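**Q** Here is the input, now give the coordinates:
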Amino acid sequence: MRVPDSHRLGEVDGGWRVALTTLLNERASVGSEGAGPAARAVSLPFLSALLREHGLSEDSSSRRRLAELTADQMATSYLNRQALDHLISGGEPGPEASVSKLMYSQNITRATHFAAEVVGPRLIADTGAWGAFSWNELLLSTPALRILGGTEDIMKNILGERVLGLPKEPSSDSTTPYRDQRTSRSGS
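**A** Prediction:
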């Protein structure tokens, strides 16, 4: 597709940088746990009330799992505060956003599975009773978090290569521009 220079953003062949910036911002947005109904649904007060409602507030196993979820959510919240302070001081999204995105999706997934175990079969038969509503919808939507803002595998590669300094995975096409790569359409 031909795009006139007047419609181009940035320099020629600089589109990947624009795409990365977009992904970095999406990643920062996805990893920010403080917003949205999903974050409220898996918060300590809500999950504690869910345990009380289902008679599990004194169950040591449930309380231990709730404490683990809370600790992970607090760690992610602290990381988000660090990332926000960095952005406010004029920096660009850094590795904190990637780690936070990974932690957020894991936290929501684990908390939703925990809530599903607490609610039990009422998860599917939404009677409108407090603590049973919409868990099935949240449970079914959590796999999308593994993809939003970059897949978890990509996040792990980025952190390994760019933050930890690990070597890149071997690739025969890492030095060839995309337009020059062999594809099934080019007959190669």
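
**Q** List the buried residues in the lengthiest helix in the chain.
**A** Secondary structure of the chain per DSSP state H: the longest helix is helix 60-88. By neighbour count with 16 or more other Cβ atoms under 10 Å, helix 60-88 contains the buried residues 62, 65, 66, 69, 70, 72, 73, 76, 77, 79, 80, 83. To be clear about C-beta, it is placed using only N, CA and C from the backbone, and glycine gets the same treatment.

**Q** Reformat those as JSON lines; add pLDDT and distance to residue 125.
**A** As requested, those are exported to JSON lines (pLDDT from 0 to 100; distance: Cβ to Cβ, whole Å):
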{"residue": "62", "pLDDT": "94", "distance to residue 125": "22"}
{"residue": "65", "pLDDT": "95", "distance to residue 125": "24"}
{"residue": "66", "pLDDT": "94", "distance to residue 125": "24"}
{"residue": "69", "pLDDT": "93", "distance to residue 125": "25"}
{"residue": "70", "pLDDT": "91", "distance to residue 125": "29"}
{"residue": "72", "pLDDT": "91", "distance to residue 125": "30"}
{"residue": "73", "pLDDT": "87", "distance to residue 125": "29"}
{"residue": "76", "pLDDT": "86", "distance to residue 125": "32"}
{"residue": "77", "pLDDT": "84", "distance to residue 125": "34"}
{"residue": "79", "pLDDT": "85", "distance to residue 125": "38"}
{"residue": "80", "pLDDT": "82", "distance to residue 125": "36"}
{"residue": "83", "pLDDT": "80", "distance to residue 125": "40"}
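
**Q** Between those residues, which sits nearest residue 90?
**A** residue 83 (13.2 Å; Cβ to Cβ).

**Q** Show the average pLDDT along stretch 137-154.
**A** For stretch 137-154, mean pLDDT is 77.

**Q** Need the distance between the two termini of that stretch.
**A** 26 Å (Cα to Cα, to the nearest Å).

**Q** quick one: low-confidence ranges for the chain?
**A** Applying pLDDT under 70 to the chain flags the ranges 20, 23-40, 93, 126-134, 149-150, 172-174, 183-188.

**Q** Repeat the analysis, applying 90 as the threshold.
**A** Applying pLDDT under 90 to the chain flags the ranges 1-47, 49-50, 53-54, 73-88, 90-109, 111-113, 115-116, 119-159, 161-163, 168-188.

**Q** any idea where the helices of it begin and end?
**A** Under DSSP H, the chain gives helices at 15-31, 36-41, 44-53, 60-88, 95-119, 135-141, 152-158.

**Q** would you turn those into JSON lines with distance to residue 170?
**A** Output for the helices of the chain, formatted as JSON lines (distance: least, Cβ to Cβ, whole Å):
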{"stretch": "helix 15-31", "distance to residue 170": "21"}
{"stretch": "helix 36-41", "distance to residue 170": "38"}
{"stretch": "helix 44-53", "distance to residue 170": "44"}
{"stretch": "helix 60-88", "distance to residue 170": "31"}
{"stretch": "helix 95-119", "distance to residue 170": "22"}
{"stretch": "helix 135-141", "distance to residue 170": "36"}
{"stretch": "helix 152-158", "distance to residue 170": "13"}
